[in-house]
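Participant: the following comprises the amino acid sequence and a computationally predicted model.
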Protein chains: 2
Amino acid sequence: MSWLDSMKQKLVECIPNFSEGRRPEVIEAIVSVIRSEPGILVLNYSSDPDHNRSVVTFVGASDAVEEAAFAAIRTASTLIDMEKHQGTHPRLGATDVVPFVPLAGTTMDECVALAQQLGKRVGEELGIPVYLYEAAATRPERKHLEQVRRGQYETLKPTIADDPERAPDYGPLKVGSAGATIIGARNPLVAFNVYLTTDDIKIAQKIARVIRASSGGFPHVKALGMVVKGRAQVSMNFTNTSETSLASVIEAIRREAGQVGVAIHHSELIGLISNSVLVDVASSFLQLEAFSSEQILEYKLSQVLDENNCFLE
Amino acid sequence: MSWLDSMKQKLVECIPNFSEGRRPEVIEAIVSVIRSEPGILVLNYSSDPDHNRSVVTFVGASDAVEEAAFAAIRTASTLIDMEKHQGTHPRLGATDVVPFVPLAGTTMDECVALAQQLGKRVGEELGIPVYLYEAAATRPERKHLEQVRRGQYETLKPTIADDPERAPDYGPLKVGSAGATIIGARNPLVAFNVYLTTDDIKIAQKIARVIRASSGGFPHVKALGMVVKGRAQVSMNFTNTSETSLASVIEAIRREAGQVGVAIHHSELIGLISNSVLVDVASSFLQLEAFSSEQILEYKLSQVLDENNCFLE
């Protein structure tokens, strides 16, 4: 039910995370290396100085995306020194995580193959240890990013040579100043935070426990309670919005908060979100029956324009 | 915040309503006349046998839309005889209503001019009386479609010659077998029905009175209570979804229904809806702050593709 299905091209989305969120010249250098790759379009990038981390979103055909990601990892390895890096967000390397997401006409298997090819090149040509994760993981315990990243750069460095559990999928048993890079393939992820009308972190933590998969809540939901900008915040990742809708989770948060006399103050989406996720939320709230994306004017129009392969004038 | 704004072409939407919903060959003949106009794309058409009425949605550049609408009105006038037409929906003519809606790059004023041009041709060349309505209305009392259509075909026929209030904007003071046609320009309209968990029409009628503009409810909302398929239904038109959101109205219906122990069973959208209306509903339900359409992957992608005027492969 996506717009993208009507596009006559194969697209992969790549959302690399770099361990630099404070020096604009470094971020610009990385983004411009990505942008200069033929056939690549940069959709979005943003930096967080507290996390000292930047996220870039770009799309293109599979080959172009591999080239752009490789060039970005090489550039980051020369400009970011993990010995000097500090920030609140957990990380293993200068280029910390490189997920590939299948978009129009691309399968998850193709993204896994892409992760493997890129991983091999990064390991062999750049001498950076590479761990494959999520759909590309070679061991069950590497499926989850947080497990691969446990202990961070500082713990990985002294243990990689001797601990077989730390052996990378590609590259040397040695961590240099660029650290290690985690590469994988995954479904689109929605990063969504809810701020409460309280500064009590315990309430956010309690709600996070109720809703997250790891403590028996909604499948495909990760959640943490924290305090951000003076408000209790439930910070969430949705890793499969087809199976767990944002609508059900926000209703649960509203109910749980209401039971202790608290309400939702507002919420925020981090980065990009697929239109269909928002349409699903609307459809659920409106209790629409027999609704089809064929009823969305812009969708229908792009489809018809595409079928006719034309501009109207 | 629409997809359409990123399209590099001027588009007008036209949604003519024809007084035929039972004879497929007549409907097909009308649709195929529209479809055969160069530069016209038909997005949707549907027929209701009870109403004995069909609605077609098509788009194109202004000139092409005028030609297609004229050809459709001419065809309908030869195939539909208002002397024989029966159905539950009020109507004046074979082609009953022809609204033009400004889409990408088009203004309401351009749609008003289009309604005037088409009205003149239909009056002079086809000899059908034409009334202009909504943004194209020439008298305040003709702004609202229901007022123009009051008494229907059967009342108009004997009174048009003598009653100055019935004088058409274009065409003869005489109603033939094609009846009269109402042509105008308006904002996009959302037709949205809510079914309740009761068959009590009084509850639907009471809720309709609470929410509709004409009895002091939400601005830009028309609502009627009826019973459809054995359920009480609140049937609504939203004529300005920027100023009155579907989200607020459905919340009001849920609250009103709850007070008499009734709930919303489900809802339905009739015809097409703009994506931004659904995004607004989602954003409202999620209490999103500082949300921008720039965060919608498909929107951002179509924008960037358009800026680069390219396919990626």
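Facilitator: Perfect, I can see it now.
Participant: could you say which helix or strand holds whatever residue of the stretch 101-250 of chain A ends up closest to chain B?
Facilitator: Nearest residue of the stretch 101-250 of chain A to chain B: residue A:250, at 5.8 Å (CB to the nearest CB). Every residue, glycine included, has its C-beta placed from N, CA and C. In this assignment (DSSP states H and E), residue A:250 forms part of helix A:246-259.
Participant: how about whatever helix or strand comes next after that helix: buried residues?
Facilitator: Moving toward the C-terminus from helix A:246-259, the next helix or strand (DSSP H and E) is strand A:264-270. Within strand A:264-270, the residues that qualify as buried by neighbour count (16 or more other CB atoms under 10 Å in any protein chain shown) are A:264-270.
Participant: residues near the residue of the stretch 101-250 of chain A closest to chain B, how many?
Facilitator: Residues lying near residue A:250 (other CB atoms under 10 Å in any protein chain shown) number 23.
Participant: swap in the one 5 residues further on?
Facilitator: The tally of other residues near residue A:255 (other CB under 10 Å) stands at 11.
Participant: picking that back up, dump the buried residues of strand A:264-270 to CSV, plus distance to residue B:219 and pLDDT.
Facilitator: CSV is the format used below for those (distance: CB to CB, whole Å; pLDDT from 0 to 100):
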residue, distance to residue B:219, pLDDT
A:264, 27, 98
A:265, 27, 98
A:266, 25, 97
A:267, 27, 97
A:268, 29, 93
A:269, 29, 92
A:270, 35, 85
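Participant: rewinding a little: OK, contacts around the closest residue in space to the residue of the stretch 101-250 of chain A closest to chain B that isn't next to it in sequence?
Facilitator: Distance criterion CB to CB, 6 or more residues apart in numbering or on different chains; nearest residue to residue A:250, sequence neighbours excluded, is residue B:286 at 5.8 Å. Contact analysis of residue B:286 by CB atoms under 8 Å, 6 or more residues apart in numbering or on different chains lists A:192, A:246, A:250, A:267, A:281.
Participant: minimum pLDDT in these, which residue is that?
Facilitator: In terms of pLDDT, residue A:192 ranks lowest among the contacts of residue B:286, with 93.
Participant: please tell me how far it sits from residue B:295.
Facilitator: Per CB to CB, to the nearest Å, residue A:192 is found 11 Å from residue B:295.
Participant: those two: which has the busier surroundings?
Facilitator: The residue with more neighbours, out of residue A:192 and residue B:295, is residue A:192; 24 against 19, by other CB under 10 Å.
Participant: quickly find the element holding residue A:124.
Facilitator: Counting by DSSP H and E, residue A:124 is part of helix A:108-126.
Participant: check residue A:54 too.
Facilitator: Per DSSP H and E: strand A:53-60 holds residue A:54.
Participant: how about residue A:282?
Facilitator: helix A:275-286.
Participant: now do that helix: distance to the chain's middle.
Facilitator: 21 Å (CA atoms, centre = their mean, to the nearest Å).
Participant: would you mind putting the CA coordinates of that helix into PDB?
Facilitator: C-alpha atoms of helix A:275-286 as PDB (Å, rounded to 0.1, in the frame of the first residue of the first chain):
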ATOM      1  CA  ASN A 275       3.100   7.500   4.800                       C
ATOM      2  CA  SER A 276       1.300   4.200   5.200                       C
ATOM      3  CA  VAL A 277       2.100   4.100   8.900                       C
ATOM      4  CA  LEU A 278       0.300   7.500   9.400                       C
ATOM      5  CA  VAL A 279      -2.600   6.400   7.100                       C
ATOM      6  CA  ASP A 280      -2.900   3.200   9.300                       C
ATOM      7  CA  VAL A 281      -3.100   5.400  12.400                       C
ATOM      8  CA  ALA A 282      -5.800   7.600  10.900                       C
ATOM      9  CA  SER A 283      -7.700   4.600   9.600                       C
ATOM     10  CA  SER A 284      -7.600   2.900  13.100                       C
ATOM     11  CA  PHE A 285      -8.700   6.100  14.900                       C
ATOM     12  CA  LEU A 286     -11.600   6.700  12.400                       C
END
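Participant: buried residues in that helix, which are they?
Facilitator: Within helix A:275-286, the residues that count as buried by 16+ other CB under 10 Å are A:275-286.
Participant: and if you look at stretch A:109-116?
Facilitator: Using 16+ other CB under 10 Å as the test for burial, stretch A:109-116 gives A:110-116.
Participant: does chain B have contacts with it?
Facilitator: No - using CB under 8 Å from any CB of the partner chain, stretch A:109-116 stays clear of chain B, with a minimum separation of 14.2 Å.
Participant: quick one: mean pLDDT over that stretch.
Facilitator: Here stretch A:109-116 scores 98 as its mean pLDDT.
Participant: run the chain-centre distance for it.
Facilitator: Distance of stretch A:109-116 from its chain centroid, counting by CA atoms, centre = their mean, is 16 Å.
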